[in-house]
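Asks: Using only what follows, build the 3D model:
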Amino acid sequence: MQLARLAGMDEETLKHIWRGALLHDVGKLGIPDIILLKTDKLAEEEWKTMRMHPVYAMIGCRILITLFLRLIFPIAIMNAGMGMAIRAA
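Replies: Coordinates of the predicted model:
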């Protein structure tokens with residue numbers, strides 16, 4: 001983020017960069033720690049696994065969207081409905 005700020009990015013662009021960075025790292029959840037934490041050079045098979053992190057990120061995003069739709073969205077709708085009912089009374 002500091003680099004993006006130094007490059008003169010506007011606040012809206014910074015928001016997109018921040019969100020992209022979060023989602024990018026979601027894909028790392030699918031990579032075994034033995035590979036992520038390895039200090040030596042990665043073997044070719046390990047690189048193949050690392051290159052899969054964008055796919056894992058898409059899976060992670062689908063999970064997050066599902067959680068949002070099933071858990072958070074109904075609460076928001078219920079609260080909005082309650083607010084409308086209070087205003088109407």
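
Asks: Might you calculate how far stretch 11-20 sits from the centre of the chain?
Replies: Centroid displacement of stretch 11-20 relative to its chain, using CA atoms, centre = their mean, to the nearest Å, is 12 Å.

Asks: Now it: buried residues?
Replies: By 16 or more other CB atoms under 10 Å, the buried positions in stretch 11-20 come out as I17. For every residue, glycine as well, the C-beta is placed using N, CA and C.

Asks: Give me the residues contacting it.
Replies: M1, A4, R5, M9 (CB atoms under 8 Å, 6 or more residues apart in numbering).

Asks: Enumerate every residue touching the first one.
Replies: Remark: with contacts taken as CB under 8 Å, 6+ apart, M1 is in contact with L14, I17, W18, A21.

Asks: Now do the helices in this protein.
Replies: Under the criterion DSSP state H, helices of the chain are mapped to 2-6, 11-26, 33-36, 44-50, 53-67, 73-88.

Asks: okay, the ones you listed in a markdown table with mean pLDDT next?
Replies: Converted to a markdown table, these look like this (pLDDT from 0 to 100):
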| stretch | mean pLDDT |
| --- | --- |
| helix 2-6 | 90 |
| helix 11-26 | 83 |
| helix 33-36 | 94 |
| helix 44-50 | 95 |
| helix 53-67 | 83 |
| helix 73-88 | 62 |
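
Asks: roughly how far apart are the residue most central in space within the chain and L42?
Replies: In the chain, the C-alpha closest to the average C-alpha coordinate belongs to L23, at a distance of 2.9 Å (CA atoms, centre = their mean). L23 sits 23 Å away from L42, going by CB to CB, to the nearest Å.

Asks: Many thanks, have a good one.
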